[in-house]
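Participant: Just need the structure, nothing else, for what follows:
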Amino acid sequence: MSAPWSGDAVPADSRKSGAALPLVVAGFVLSAVLLWFVSHQALVVLGFTGGIAVLGALAWAIALRQPAPPQTEFALPDWSVTVAAIERPDAAVAVIDRAGRLACANALYEAWFGASAAPPRLPLDPASLERLSRTARAAWRDGRGRADLLEGGQAGRDGGRWKAEVERAGRGDDFLVWRFTPIHAADPVRDLCAHVEGKLGRALAASGVAAAVVDPDGRIRAASAGFALRAVGEGSAALAGQDFVALLRQDEGDRISWAREGRKGQPLTLHYLPVADPDLAGNPDPDSTPSLMLVVDPGAGIGGGSGESSAKVPHLEALLAQLPLGLAMADRDGRLLFANPAFMRAAGREGEPPPTYPTDLVVQEDKGALSDAIRRFGQGPANSGDLAIRLAAQPDDPVSLSLAGVRGLGEASVLLGLTDSTEETRLKRQVAQATKMQAVGQLAGGVAHDFNNVLTAILGTCDLMLLRHTPGDSDYDDIQQIRANSNRAASLTRQLLAFSRQQTLRPEVLQLPDVVSDVSQMLRRLIGEKIQLVVTHDRNLGPVRADPTQLEQVIVNLCVNARDAMQSKTVDGSGRLTLSTRRITAADVRKMRSEIVPQGEYTALVVEDTGGGIAPEHLGKIFEPFFTTKEQGRGGMMGGTGLGLSTVYGIVKQSGGFIFADSEVGKGTKFSVYLPVHHAAATGQLAGSTQPEPAEGRAEALPQQQWSGGGRILLVEDEDTVRMVAERALVRAGYTVTTARDGEEGLEKVAVGDEFDMIVSDVVMPTMDGPTMVRAIRERLPQMPVLFMSGYAEEQLRKEIDLDGVHFLPKPFSVQQIGEKVGAVMAGARGTAGA
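Facilitator: Numbers count the residues shown, from 1 in each chain. Below is the predicted model:
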């Protein structure tokens, strides 16, 4: 900005010369004095001073005659004025300098990206950051740049999507001005209804075209003013909800006219356009797809005679240009005649002119197939279909292109339809991730079952060997080491079962703050003194139904994970860990706009740390088993195996809840666990009760006293090593044991008349499984007590062992555990018989 001119008549240079005059005079006098001391001749001094005076006067006169050139003075930059100038309600604007520092930004930029982030280093996904970096380099080089799609980031909490433009500016071209505008996901049907009822509908009516949007059940959702005028006459009310077909009539020659005009009505041309994506298998489903109905007067619009087809094509183009559906027209030779903005946006070319050929929009491998399809639909009878293509702008995600042959439109012979599939692609990836997690869970459950059988044999053999060795023996410590490692392996199998959602839960109705309170003291010891633990709770939290022990495991795993993240970020290992419970209402769920969490009331557990955060490329894999970014030996209770978060995921999902992770590199991570609020059943059970609900088909609680009366036991197990260990353990406990390799052999033992006091059986066996054998034995001996043992979880086998009076012992078990369990079942059976 130029400074205003001064009001003085003397130029600025003259004022500067006047200010320097005393210095010149002083120098002149000093020179004359020095000359006198050197020469001591008055004539010389007088001549010198006279000459200098004449020259000075002459220079002064010349300077006064020449006007000083105007000089522009620039005021210092006032950024508050710039901020006021760039303030916009519809776009975020930021200015950065050559060093990449944020000079100023408007309020919308701070709301979307924060005040500390400067382009191109914004909180976006990796692909968007790469596009933004290329745009910045192009702007510094060429003066301007553009990025058409940016996603994720801090505003990604509510699904942010933008396009960005940048321009180089400043006196020295040392600033970049960035402008970010949001990309809104449009509802095609809603937008089309608004257009039909508004200006577009009036423009169509002026051209002899009546438009209406009709639902699959034939009811009118929206209609133009011209349609209402032709269908029901002047002063008609809104047509929403009326039957579309009832407003038209069809004569013997299949000609259509307005019903209110009767037989005198002129024939009309009816065009049908689906307002949705066609199914991948073929044409749009009329039972689920709204339609745009265009009723055209004779000789007008697209329904006129063939001689006027070329003149009426502009009317069709004007109509298609206003539709929110991606539509384009091509001729028989494959040249693109027209493409509306929605089509170019879906093709990833928003704001660009349509190319010469539609094949320019797809990858090289799909050009031939698309060209052949256009020629095929452009010739012969009019038909329609779909073609899977890969766009050049999005080569990794195939999309469906709809093609329909049209006739009577001059050069146009093929109508192309393309819809923005960004959201659909995101949902497909979520479904694929969920399917992969389910498949890995099933695999983990099967591996855990087989591994539990092996561990049962190892642990049982160690227990039997320890009975023959005492502390101090040379082999005692080695056996104990084998047993300790086996127990650690058993812990890993339990984590696999938790991830696969196949572990046995003991759910109770409880308050989440009570569980947090119970585990808080242990957490303070786990995280250490340098990490601050902050616990907060909302009021009026609803009760949840979950296993309190497993919930404690969820809290511990998340907090230990947060501790490791904070210790790896700072040298002293300090940080802040926030543990909070929140009340989530149905209105809060609607605001989340989540497609995963059903609407309802939830109690949320939030664990937030100030660690280094999780990289975007790792965030989608953190719940997968054995995935870890920690060093070997770290990871707290899980030892860096990568099962900590997968265990949390399995427990939460098996409890009917949901878990989400939000992270920003350098700032920290937040895990949010949503558990549905439990509402008391009609039986009158209190919502706050913490009594466990009895599972159907499970035996009542066992008596606590020890059984020492012996007994005859039928042991059925297909694994030789497990059968041997169980047999030796029970014989040592004083029982008479008869073994069988499978269900058929066990059934034969009973059929020949052998008497038994109890059956101990595996569940899954070849030929005949355990439950089938028990049902056959119960037909003879209905009161026979049964103990099932299995490497699978009881929860997974509930349907198979749905029998009365049965008990369950999970593998792996020790010699002492099977002895105590059998004794408890025997004591309970004798107590029941005595009663």
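Participant: And for the nearest residue to D297 once chain neighbours are set aside, the neighbour number?
Facilitator: Nearest non-adjacent residue to D297, counting by Cβ to Cβ, 6 or more residues apart in numbering: G208, 3.9 Å away. In short, each C-beta sits where N, CA and C put it, glycine included. Around G208 sit 19 other residues, with neighbours defined as other Cβ atoms under 10 Å.
Participant: check contacts around A661.
Facilitator: Counting by Cβ atoms under 8 Å, 6 or more residues apart in numbering, A661 makes contact with I614, L619, I622, T669, K670, F671, S672.
Participant: Look up how far T549 lies from the residue nearest to D297.
Facilitator: When distance is defined by Cβ to Cβ, to the nearest Å, G208 is 74 Å away from T549.
Participant: try P513
Facilitator: Distance, P513 to T549, by Cβ to Cβ: 17 Å.
Participant: repeat for R230
Facilitator: Distance from R230 to T549, by Cβ to Cβ: 71 Å.
Participant: For G770, see how far away the residue nearest to D297 is.
Facilitator: For G208, the distance to G770 equals 79 Å [Cβ to Cβ].
Participant: thinking again about what came up before, of P513 and T549, who's got more company?
Facilitator: Neighbour count, other Cβ under 10 Å: between P513 and T549, P513 has more, with 17 against 12.
Participant: Which helix or strand contains that one?
Facilitator: Secondary structure assignment for P513, by DSSP states H and E: helix 512-527.
Participant: okay, that helix in CSV with CA atoms only?
Facilitator: Output in CSV follows, covering the C-alpha atoms of helix 512-527 (Å, rounded to 0.1, in the frame of the first residue of the first chain):
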residue,chain,number,x,y,z
LEU,A,512,-18.9,-49.3,34.5
PRO,A,513,-17.5,-46.8,37.0
ASP,A,514,-17.4,-49.6,39.6
VAL,A,515,-15.2,-51.7,37.4
VAL,A,516,-13.0,-48.7,36.7
SER,A,517,-12.7,-48.0,40.5
ASP,A,518,-11.8,-51.7,41.2
VAL,A,519,-8.9,-51.6,38.7
SER,A,520,-7.7,-48.0,39.3
GLN,A,521,-5.2,-48.9,42.1
MET,A,522,-3.6,-51.6,40.0
LEU,A,523,-3.4,-49.2,37.0
ARG,A,524,-1.4,-46.7,39.1
ARG,A,525,1.2,-49.3,39.8
LEU,A,526,1.3,-50.5,36.2
ILE,A,527,1.7,-47.1,34.5
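Participant: What are the buried residues along whichever helix or strand comes after it?
Facilitator: Once the chain leaves helix 512-527, the next helix or strand it forms, by DSSP H and E, is strand 531-537. Neighbour counts using 16 or more other Cβ atoms under 10 Å place I531, L533 of strand 531-537 among the buried residues.
Participant: Need the per-residue pLDDT for I62.
Facilitator: Looking at I62, its pLDDT is 75.
Participant: Give the burial count for it, as a bare number.
Facilitator: 9.
Participant: ok, now A136?
Facilitator: Counted by other Cβ under 10 Å, the residues lying close to A136 total 21.
Participant: K367 now?
Facilitator: Using other Cβ under 10 Å, K367 has 17 neighbouring residues.
Participant: same question, R525
Facilitator: By the criterion of other Cβ under 10 Å, R525 has 8 neighbours.
Participant: Relative to E365, how far out is it?
Facilitator: R525 is 60 Å from E365, where distance means Cβ to Cβ.
Participant: before we move on, what about V275?
Facilitator: 31 Å.
Participant: Neighbour count for these two, which is higher?
Facilitator: V275 (21 against 10).
Participant: so what's that one up against?
Facilitator: Residues near V275 by Cβ under 8 Å, 6+ apart: P188, V189, L192, V213, T289, P290, S291, L292, L325.
Participant: ok, and the closest non-adjacent residue to V731?
Facilitator: V737 (5.5 Å).
Participant: looking at it, E719 is touching N452, isn't it?
Facilitator: No. Taking contacts as Cβ atoms under 8 Å, E719 lies outside contact range of N452: 10.2 Å.
Participant: More neighbours: which of these two?
Facilitator: Using other Cβ under 10 Å, the more surrounded residue of E719 and N452 is N452, with 25 against 19.
Participant: Is the more buried one located within a strand, as I assumed?
Facilitator: No. With DSSP: H, G, I helix; E, B strand; the rest coil as the criterion, N452 is assigned helix and is not in a strand.
Participant: For K811, see how far away it is.
Facilitator: For N452, the distance to K811 equals 4 Å [Cβ to Cβ].
Participant: So for these two, which residues contact both of them?
Facilitator: Counting by Cβ under 8 Å, 6+ apart, the contacts common to N452 and K811 are G791.
Participant: Quick one: the helices in the stretch 251-400 of the chain, in order.
Facilitator: In the stretch 251-400 of the chain, the helices defined using DSSP state H, counting those that start in this stretch lie at 309-322, 341-346, 367-378.
Participant: Out of these, the one nearest K591 is which?
Facilitator: Nearest of these to K591, taken as Cβ to Cβ: helix 341-346 at 27.5 Å.
Participant: tell me what the closest one is packed against?
Facilitator: If you count contacts as 3 or more Cβ pairs under 8 Å, 6 or more residues apart in numbering; DSSP states H and E, helix 341-346 packs onto strand 327-330.
Participant: Identify the neighbouring strands of the strand it packs on in the sheet and state each direction.
Facilitator: Its sheet considered, strand 327-330 pairs with strand 336-339 (antiparallel), strand 412-417 (antiparallel) by DSSP bridges.
Participant: which of those strands is buried the deepest?
Facilitator: Burial of these is given as mean neighbour count (mean count of other Cβ atoms under 10 Å); strand 412-417 ranks first at a mean of 24.
Participant: ok, back up a step: possible to save the strands paired with strand 327-330 as JSON lines with mean pLDDT and distance to G160?
Facilitator: Converted to JSON lines, those look like this (pLDDT from 0 to 100; distance: least, Cβ to Cβ, whole Å):
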{"stretch": "strand 336-339", "mean pLDDT": "87", "distance to G160": "28"}
{"stretch": "strand 412-417", "mean pLDDT": "82", "distance to G160": "28"}
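Participant: And the pLDDT for L455?
Facilitator: For L455, the model assigns a pLDDT of 82.
Participant: With the one 4 residues further on instead?
Facilitator: We note a pLDDT of 83 for L459 in this prediction.
Participant: L730 now?
Facilitator: pLDDT for L730: 91.
Participant: Equivalent analysis for W5, please.
Facilitator: On the pLDDT scale, W5 is placed at 32.
Participant: what do you get for the one 5 residues further on?
Facilitator: With respect to pLDDT, V10 scores 41.
Participant: what's the answer for S491, then?
Facilitator: At S491, pLDDT is 68.
Participant: swap in A147?
Facilitator: Predicted confidence (pLDDT) for A147: 88.
Participant: Closest one to A240 out of the contacts of A661, please.
Facilitator: Closest approach to A240 among those (Cβ to Cβ): S672, at 41.1 Å.
Participant: since we're on the closest one, how many residues are nearby?
Facilitator: By other Cβ under 10 Å, 18 other residues sit near S672.
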